[in-house]
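Visitor: got a sequence here, can you model it:
(one chain, ligands or ions: 2)
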Amino acid sequence: MFNKDTIAAIATPYAESAIAILRISGNKAVPIVNQIFSKDLTTLKSHTAHYGKIFDENNHVIDHVLLLFMKGPKSYTGEDTIEIQCHGSTFIAKTILQTLINKGARLAQPGEFTYRAYKNNKIDLVQAEAVQSLISAKNKTATKAAQEQLEGSLSSVITSFQKELTDIAAVLEAWVDFPEEDLAFESFTSILNRLQKTKEKMVYLSNTFDEGKKLSEGIKICIAGPPNAGKSTLMNFLLQKERAIVSDIAGTTRDTIEEQVHLEGMQLNLIDTAGIRETDEVIEKIGIEKTKQAMQEADFTIYMAEANNIPESDILNLLDPQKTLLVINKIDISHPRSIS
Ligand SMILES: Nc1nc2c(ncn2[C@@H]2O[C@H](COP(=O)(O)OP(=O)(O)OP(=O)(O)O)[C@@H](O)[C@H]2O)c(=O)[nH]1
Ligand SMILES: [Mg+2]
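Guide: Ligands and ions are numbered 1, 2, ... in the order given. You can find the predicted model right below:
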């Protein structure tokens, strides 16, 4: 149930840092903070920053802080909200939090500030989800997508579906309730068309889910192929560092190696794998099994082969053409045969 307690929490990670930020939200935020801050908050203008001291219960200074005051409803949660920026010692932040709790605040649950923003109609559920995506965004593209969602782009599409379906339901109900009236304001075909169009738009939107997931988690690209093809060389080149061991001994890479690289804002999760070949060697066999699994799980596979040793077409035919790029390597020392 939505609680009207005044809540408080440390908003920054619990670790030593330059500053730490505490947040307090609720209708008692001002009276609670007023008991421990060196300035009278009731005289301060909303959306202003103030330098001052925070005291403990024995009137000893805990820290010199910067305090931001945002009067509700013009705040993130829609309630009176105060942010306290103190020095980033975990002891200082914890002591201020404990003092706030002793003065009447309650420790916030995880996500409770955003929950209050939702309950107070500051954001809808889709935007609340975007806040989490924005916090966990690891690259430029994912950040942009989360920001757009937070600004309401996805919410407005979902609202338009809701509106269209409510309109259609109203027409259908009118037909059912007043069959004798012969309500001819919309034909049956036109209603079917509208439903069909809305369905198509919904399917299109739900198909973008995978795309969104790739944006936030990155695209998994597996580099696979026969031993000695140059897979690890390619991996190192893309990473611009000597991450994987390269040698002319076939079977050098035994285990899968995963590393990330960013390309124009997109995160690529590159996986170098053990070369695929028939072998009785136990460890290499396990590595090859892992290669096959990595290929299955990957969004895309770069299948690399040597120009003078291109696998037979029955092997190549096993590759999924939709998500495989065949790369012929070592053309400097050979001439590729034609691939059927
Ligand atoms: N001539 C030539 N040699 C290359 C090229 N690319 C890689 N090599 C060499 O080929 C050998 C094998 O390269 P790796 O990158 O270790 O091959 P791999 O596919 O990872 O091999 P495994 O880990 O054993 O499966 C190394 O000696 C590389 O220097 C290329 O384009 N031309
Ligand atoms: Mg290798």
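Visitor: run a quick neighbour tally on residue 99.
Guide: 20 (other CB atoms under 10 Å). Heads up, the C-betas are built off the backbone N, CA and C, glycines and all.
Visitor: please give the element, helix or strand, for it.
Guide: Element membership for residue 99, per DSSP states H and E: helix 90-102.
Visitor: show residues contacting the helix or strand that that helix is followed by.
Guide: Per DSSP H and E, the first helix or strand lying C-terminal to helix 90-102 is strand 106-107. Taking CB atoms under 8 Å, 6 or more residues apart in numbering as the criterion, the residues outside strand 106-107 that touch it are 3, 5-9, 97, 101.
Visitor: who are the packing partners of the helix holding residue 99?
Guide: Packing contacts for helix 90-102, counted by 3 or more CB pairs under 8 Å, 6 or more residues apart in numbering; DSSP states H and E, involve strand 7-10, strand 19-25, strand 48-55, strand 61-70, strand 81-87.
Visitor: columns mean neighbour count, distance to ligand 2 and mean pLDDT on top of those, output as JSON lines?
Guide: JSON lines is the format used below for the helices and strands packed on helix 90-102 (neighbours: other CB atoms under 10 Å; distance: least, CB to the ion, whole Å; pLDDT from 0 to 100):
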{"stretch": "strand 7-10", "mean neighbour count": "23", "distance to ligand 2": "46", "mean pLDDT": "98"}
{"stretch": "strand 19-25", "mean neighbour count": "23", "distance to ligand 2": "45", "mean pLDDT": "98"}
{"stretch": "strand 48-55", "mean neighbour count": "14", "distance to ligand 2": "55", "mean pLDDT": "97"}
{"stretch": "strand 61-70", "mean neighbour count": "18", "distance to ligand 2": "53", "mean pLDDT": "97"}
{"stretch": "strand 81-87", "mean neighbour count": "22", "distance to ligand 2": "49", "mean pLDDT": "98"}
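Visitor: those: which one's closest to residue 114?
Guide: Taking CB to CB, strand 19-25 is the member of the helices and strands packed on helix 90-102 nearest to residue 114, at 10.7 Å.
Visitor: measure the spatially closest residue to residue 164 that is not a sequence neighbour to ligand 1 for me?
Guide: Excluding its sequence neighbours, the residue lying closest to residue 164 (CB to CB, 6 or more residues apart in numbering) is residue 198, at 5.2 Å. From residue 198 across to ligand 1, the span is 50 Å (CB to the nearest ligand atom, to the nearest Å).
Visitor: before we move on, what about residue 225?
Guide: From residue 225 to ligand 1 the distance is 6 Å (CB to the nearest ligand atom).
Visitor: look at that residue and say how many residues are nearby.
Guide: 26.
Visitor: what of residue 273?
Guide: 28.
Visitor: just residue 266 next, same as before
Guide: Neighbours around residue 266, by other CB under 10 Å: 15.
Visitor: show me what contacts it?
Guide: Contacts for residue 266 (CB under 8 Å, 6+ apart) come out as 139, 141, 215, 218-219.
Visitor: specify the beta-bridge partners of it.
Guide: residue 263 (DSSP bridges).
Visitor: model confidence for it, exactly?
Guide: Predicted confidence (pLDDT) for residue 266: 81.
Visitor: same question for the one 10 residues further on.
Guide: Among the per-residue scores, residue 276 holds a pLDDT of 92.
Visitor: tally of neighbours for the residue of the stretch 201-340 of the chain found nearest ligand 1?
Guide: Here the stretch 201-340 of the chain gets closest to ligand 1 at one residue, residue 275, 2.7 Å apart by CB to the nearest ligand atom. Residues lying near residue 275 (other CB under 10 Å) number 23.
Visitor: nearest residue to it other than its sequence neighbours?
Guide: In space, residue 275 is closest to residue 227, 2.9 Å off (CB to CB, 6+ apart).
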